[in-house]
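Asker: based on what follows, work out the 3D shape:
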Amino acid sequence: MTTPSALENDHRLSERISAFLRSWTDLARQDQSDMLAENVLIGTESSTAIISRDAFLAAVRARHTKIGGRSTSQLSTWTATGVGRGLLLVTATWVFDGAGADISLVSDFLLQDASGGGLRCAAYLPRQDVTAMLSSASSPVTADSAGQP
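Answerer: So this is what the prediction gives:
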């Protein structure tokens with residue numbers, strides 16, 4: 001785990017960030033709706049959208065169902081930068097075991113203080129499309145009429 005110097009001395013904040021990120025991998029399995037703002041900004045390479053908490057959770061659960069028990073994600077490192085009162089920009093690196101290979105994934109989060117001392121995700125910016133990565137990895141190779149894949 002790495003943190004910028006401004007956060008290094010705030011052990012409690014580091015623990016809150018670590019707890020949020022550890023819980024993130026269980027978003028589909030547990031009642032973790034308090035981890036998300038009412039509306040969440042989602043950004044990808046090709047688009048940006050604001051979606052409701054319920055729609056986000058439904059998408060996470062659908063992806064979990066599609067991927068199933070074939071994969072796990074382990075938090076590797078994270079960095080955090082304070083960007084305003086009660087706001088943090090967090091970049092997390094994960095080791096993802098999918099399709100029989102360890103893949104490094106990176107996610108960015110804009111986190112805000114939540115009631116009860118936790119953190120809540122206001123924006124989520126995955127840098128990879130995990131579902132597409134797994135789909136292409138598990139797709140059979142087909143040959144063309146000349147026998148070439």
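Asker: would you list every one of the helices in this protein?
Answerer: In the chain, the segments counted as helices under DSSP state H are 5-8, 11-24, 53-67, 130-138.
Asker: which strands and helices sit next to the longest one?
Answerer: On a contact count with 3 or more Cβ pairs under 8 Å, 6 or more residues apart in numbering; DSSP states H and E, helix 53-67 meets strand 36-43, helix 130-138. Where you see a C-beta, it was placed from the backbone N, CA and C, and this is true even at glycine.
Asker: least reliable of those going by mean pLDDT?
Answerer: Among those, helix 130-138 carries the lowest mean pLDDT, at a mean of 54.
Asker: state the pLDDT value of the residue positioned nearest the centre of the chain.
Answerer: Taking Cα atoms, centre = their mean, the centroid of the chain lies closest to Ser107, which sits 5.2 Å from it. Predicted confidence (pLDDT) for Ser107: 93.
Asker: what sits against the residue nearest to Asp108 when sequence neighbours are not counted?
Answerer: Using Cβ to Cβ, 6 or more residues apart in numbering and skipping residues adjacent in sequence, the residue nearest Asp108 is Leu125, 4.1 Å away. The contact partners of Leu125, by Cβ atoms under 8 Å, 6 or more residues apart in numbering, come to Ile42, Gly43, Thr44, Ser107, Asp108, Phe109.
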